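**Q** I'd like to go over a predicted model; first the sequence, then the structure.
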Amino acid sequence: EPEVTQTPSHQVTQMGQEVILRCVPISNHLYFYWYRQILGQKVEFLVSFYNNEISEKSEIFDDQFSVERPDGSNFTLKIRSTKLEDSAMYFCASSDRVGNQPQHFGDGTRLSIL
Amino acid sequence: AQSVTQLDSQVPVFEEAPLELRCNYSSSVSVYLFWYVQYPNQGLQLLLKYLSGSTLVKGINGFEAEFNKSQTSFHLRKPSVHISDTAEYFCAVSYTGGFKTIFGAGTRLFVKA
């Protein structure tokens, strides 16, 4: 079964540094998402992306965050100046349609900010 | 506000016992409902989904869930659990035309021998 793949599995970064998390969605999917899960807390929606633009974002997704689909296969989340509270597991997901989906999730990138 | 409530944060059960994990959601519009499972250090795996039609949905690994619109519930059940079912289970909801999936806080299931 096709999978969503995320790299790296664990990223350690100094506070204030930029970080880019990478995802390869399922190849025929059109909708892409990022979620985060702070340790011990629920999975939270960050942003959805379709047709090369953001379709919906949460209040968490402020100006420090950006997403990009730089080519036909990758989908990235960039955090410009990381803060301690950005430490979390970040999940990428994709779906072949909106609403009537499930979203298929990757195994996540654990981001640790020092 | 849209929300999902999982009433039990942790559920210990003995192997081969029946299981019910509770989930309630708030909604005034049509919903799609999901249960995901997360094994340690892994991503979210879809167990089952309700999109429309029959209110009893069957998923992988012997799990099933029943959509109850009047009670806004989507409880997960399994007749007999195994040690390998030990994991965290998330109930989730999305809304017609919406992009995001809203997750409950999760229920950590411990299956004991």
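**A** Here it is on my side, so go on.

**Q** list the contacts for B:P12?
**A** By CB atoms under 8 Å, 6 or more residues apart in numbering or on different chains, the residues touching B:P12 are B:110, B:112. Quick note: C-beta positions are derived from backbone N, CA and C, even for glycine.

**Q** tell me which element it falls in.
**A** In this assignment (DSSP states H and E), B:P12 forms part of strand B:10-14.

**Q** Pull up the pairing partners for that strand, direction included.
**A** Take DSSP bridges as the rule and strand B:10-14 pairs in its sheet with strand B:107-112 (parallel).

**Q** Buried residues in the strand it pairs with, which are they?
**A** B:107, B:109, B:111 (16 or more other CB atoms under 10 Å in any protein chain shown).

**Q** Mind putting these into CSV with pLDDT?
**A** Formatted as CSV, those follow (pLDDT from 0 to 100):
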residue, pLDDT
B:T107, 96
B:L109, 97
B:V111, 96
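
**Q** just to revisit the earlier point, which parts of the strand holding B:P12 are buried?
**A** B:11, B:13.

**Q** CA atoms only: put that strand into CSV for me.
**A** C-alpha atoms of strand B:10-14 as CSV (Å, rounded to 0.1, in the frame of the first residue of the first chain):
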residue,chain,number,x,y,z
GLN,B,10,-6.5,5.4,29.8
VAL,B,11,-8.2,2.0,29.6
PRO,B,12,-6.7,-1.2,31.0
VAL,B,13,-8.2,-4.4,29.9
PHE,B,14,-7.3,-8.1,30.1
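
**Q** do you know how far the residue minimising distance to the centre of chain A is from chain B?
**A** Centroid-nearest residue in chain A: A:W34, 3.1 Å away (criterion: CA atoms, centre = their mean). Distance, A:W34 to chain B, using CB to the nearest CB, to the nearest Å: 10 Å.

**Q** what's the nearest residue to that residue if we skip its chain neighbours?
**A** Counting by CB to CB, 6 or more residues apart in numbering or on different chains, A:W34 lies nearest to A:L46, which is 4.3 Å off, once chain neighbours are set aside.

**Q** Secondary structure element holding that neighbour?
**A** strand A:43-50.

**Q** Which residues in whatever helix or strand comes next after that strand does the neighbour count mark as buried?
**A** Reading on from strand A:43-50 to the C-terminus, the next helix or strand found by DSSP H and E is strand A:53-57. Buried residues in strand A:53-57, counted by 16+ other CB under 10 Å: A:55-57.

**Q** secondary structure element for B:G53?
**A** Going by DSSP H and E, B:G53 is not in any helix or strand.

**Q** That one: how many residues sit nearby?
**A** Using other CB atoms under 10 Å in any protein chain shown, B:G53 is surrounded by 8 other residues.

**Q** Tell me the pLDDT of it.
**A** Note for B:G53: predicted pLDDT of 85.

**Q** Equivalent analysis for A:Q101, please.
**A** For A:Q101, the model assigns a pLDDT of 69.
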